[in-house]
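> no sequence for this one, just the structure:
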Ligand SMILES: Nc1ncnc2c1ncn2[C@@H]1O[C@H](COP(=O)(O)OP(=O)(O)OP(=O)(O)O)[C@@H](O)[C@H]1O
Ligand SMILES: [Mg+2]
């Protein structure tokens, strides 16, 4: 594939790269960096894998190893990825900081600049991933740690919120002292001068309080938005990093579990901050009340104990209820996704009632649990409300005796009731908090179950990215089990596919061909034994490098919503000319020609606008555009007619470079002439493997024997 460099982003500049490395702790001379980039062929931002490989080489020359490069769009970066290289105005910058919507760019020559996030919207970016620093689940609640971690790095903002809360609380004290003074000093003598002076001071304080509250709300919104962005990106990354073979089959459920993050996030980012910040002040106010009116504080103490006890009881009750409600919600979401995806089949076979019934069951359970949970929560909140009303009356009644005994003035009593409402407020919201915390905790647990799935790449083992890696594939004692299936679906003691070999994989349906190809591609890991690429255990290799060398076309081609162009060139690195010529070669050009928007024609979700055969051709085109060194094709022509099949195979063979290896699993004879070697699988094992003619001969002999046997013994044939 020829790449027209002019069309592809600007060069990755030495100054920016040098600054980036300096920030990462590698102090280098400018000349060294320039030299290394030159030696590596001056990689450009949008040069795709070739550019990343070149940049990786350059880093290797500079002695910077154990980093993994990833190309992305600047708007996909979060603070965790910083510092990163971005392209802006056709030159390279180090993206150093994100300040809200502003981005701090450093060109490496001492003139940093701040630009708007929008200015970088579609910009190319490259970041250095330190595998050891990568996201790693450990301990119990990973999701909770993610959230609290994200909050913790915003400690400064949180302190500001707490400060605002302290100040607004101080105002409450001031207002209650204002009341005390007015009732006790001003009213007895109608001292208007004092009244006006006091009112003036309090007026200023109120205005100040107004501003503070607005600031506090703004700060909280900002924290909430940033935390949301960061955490949801982290969870999404973790989800995409899950090993394919460890991924549960329940798509809708998984999606709903991830969405649980939203519940938890809104809980963490809003109510909790206010209430927790106000809690200490409830104590402070209680202390002020004790100072003014002594024993009256005990009334509030009793109230607090009662309310907290009610909240804890409610929380214990809620734990099971919200867990069951969530689980039913996940189930229902799974059902929704499945019935929308399978609508055609469901309608064609009249299975609608079955799904409707399951939907009704799940909905009824959600509603039932929801109702019970709400009852519990409402009871707790109402009890807290009632207790605080009772406390108010109790304080007034108690206060009358204290006023009579002379240990409290009327103004003091009024001040106490005003402060009392500030004690009651946090207690009441504390009750709501404890009950909501239960739900958030359950949601987090759901997110955890996603985060605890094994990642494709163990963040603790540094990945290897050897500059020169062969592409011979070897399986050694490899056994693979699907989840919950006790017998291995693939059991291959030894298999070697040398560089340049052309192999056809045959076998009846369910014999393990697809599974074997996935093992060879490195997407699945053998439970026992090893898979080697170029003599290195695939688990140790940088997945990106493996993907670059090994192309895998799944049996079912998945298209996504977007344009045809995006679907064919998923990575977004191929030039139009290459794209158009591949499309034409495959005979897909009708698809482009017949549509007014050509390559930019819209593809509906899951590619539902294309025929089965067209989808399959699109799959082949994808692989053609990638040009891997090992081509693993799983039934690439099953949906094509003979003419198109022949054409597709021809194009594939023409695309192979001399050393490329090629494994094609198929039920169709057309591919057999392409192979020099045939492997036959049965029940997960390789039963025949050898040179094409020998295997074909053995197959013919077997078939003849079988037909003779069934002729002489009809029972066997049945
Ligand atoms: N996700 C899965 N979970 C559990 N078992 C699976 C899963 N996928 C496949 N299997 C089982 O593994 C075995 C091998 O499946 P595989 O898809 O590799 O067969 P295949 O040879 O490719 O078949 P076909 O020719 O129909 O494509 C089958 O018995 C199948 O039932
Ligand atoms: Mg298959």
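Sure thing, it's come through. Quick caveat, the model's predicted, so the values are computed rather than measured. Numbering: from 1, shown residues only. Ligands and ions are numbered 1, 2, ... in the order given.
> tell me the contacts of residue 659?
471, 499-500, 629 (CB atoms under 8 Å, 6 or more residues apart in numbering). The C-beta positions use only the backbone N, C-alpha and C, and glycine is treated the same way.
> and the residue in the stretch 51-200 of the chain positioned nearest to ligand 2, backbone torsions?
Closest residue of the stretch 51-200 of the chain to ligand 2, CB to the ion: residue 70 (31.0 Å). Main-chain torsions, residue 70, degrees, to the nearest 10: phi -140, psi 130.
> tell me what it is bridged to.
residue 127 (DSSP bridges).
> around ligand 1, pick out the residues from the stretch 401-550 of the chain.
482, 485, 489, 507, 509-515 (CB under 6 Å from any ligand atom).
> give me the buried subset of these.
If you count burial by 16 or more other CB atoms under 10 Å, the buried members of those come out as 489, 507, 511-515.
> so which of these belong to helices?
513-515 (DSSP state H).
> hang on, the earlier thing: which of the contacts of residue 659 count as buried?
Among the contacts of residue 659, the ones that count as buried by 16+ other CB under 10 Å are 471, 500, 629.
> among these, name the ones in helices.
Going by DSSP H, the helices hold none of the buried ones among the contacts of residue 659.
> rebuild those residues as CSV, extending it with pLDDT and distance to ligand 2.
Shown next, in CSV, are these (pLDDT from 0 to 100; distance: CB to the ion, whole Å):
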residue, pLDDT, distance to ligand 2
471, 89, 23
500, 91, 25
629, 91, 23
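> looking at these, which is nearest residue 702?
residue 500 (28.9 Å; CB to CB).
> separation between that closest one and residue 387?
81 Å (CB to CB, to the nearest Å).
> quick one: name whatever helix or strand follows the one helix or strand residue 359 maps to.
Using DSSP states H and E, residue 359 sits within helix 352-405. Proceeding N to C from helix 352-405, the next assigned helix or strand is helix 410-451, under DSSP H and E.
> return the list of helices and strands in contact with that next one.
helix 142-152, helix 155-181, helix 192-240, helix 251-269, helix 271-293, helix 296-341, helix 352-405 (3 or more CB pairs under 8 Å, 6 or more residues apart in numbering; DSSP states H and E).
> now stretch 286-294: average pLDDT?
Averaging pLDDT along stretch 286-294 yields 85.
> which bits of the chain sit near ligand 1?
482, 485, 489, 507, 509-515, 555.
> from these, which are also near ligand 2?
Within the set of those, contact with ligand 2 (CB under 5 Å from the ion) is found for 513-514, 555.
> how distant is stretch 103-121 from the center of its chain?
27 Å (CA atoms, centre = their mean, to the nearest Å).
> if we can go back for a sec, please identify which of the contacts of residue 659 is nearest to residue 677.
Looking across the contacts of residue 659 and measuring by CB to CB, the closest to residue 677 is residue 500, at 11.1 Å.
> which residues touch the single nearest residue of the chain relative to ligand 2?
Closest contact between the chain and ligand 2, by CB to the ion, is at residue 514 (3.1 Å). Going by CB under 8 Å, 6+ apart, residue 514 touches 554-555, 634-635, 665.
> do you know how far the residue nearest to the spatial centre of the chain is from ligand 1?
With distances taken as CA atoms, centre = their mean, the chain has residue 236 as the residue nearest its mean C-alpha position (0.4 Å). To ligand 1, residue 236 is 23 Å away according to CB to the nearest ligand atom, to the nearest Å.
> quick one: low-confidence parts of the stretch 401-550 of the chain?
457-467, 484 (pLDDT under 70).
> which residues of it lie near ligand 2?
So the stretch 401-550 of the chain meets ligand 2 at 513-514 (CB under 5 Å from the ion).
> return the backbone torsion pair for residue 686.
The phi/psi pair for residue 686 (degrees, to the nearest 10) is phi -90, psi 120.
> and residue 632, by the same measure?
Torsion angles, degrees, to the nearest 10, at residue 632: phi -110, psi 110.
> count of residues packed around it?
By the criterion of other CB atoms under 10 Å, residue 632 has 29 neighbours.
> ditto for the one 3 residues further on
Residue 635: 21 surrounding residues under other CB under 10 Å.
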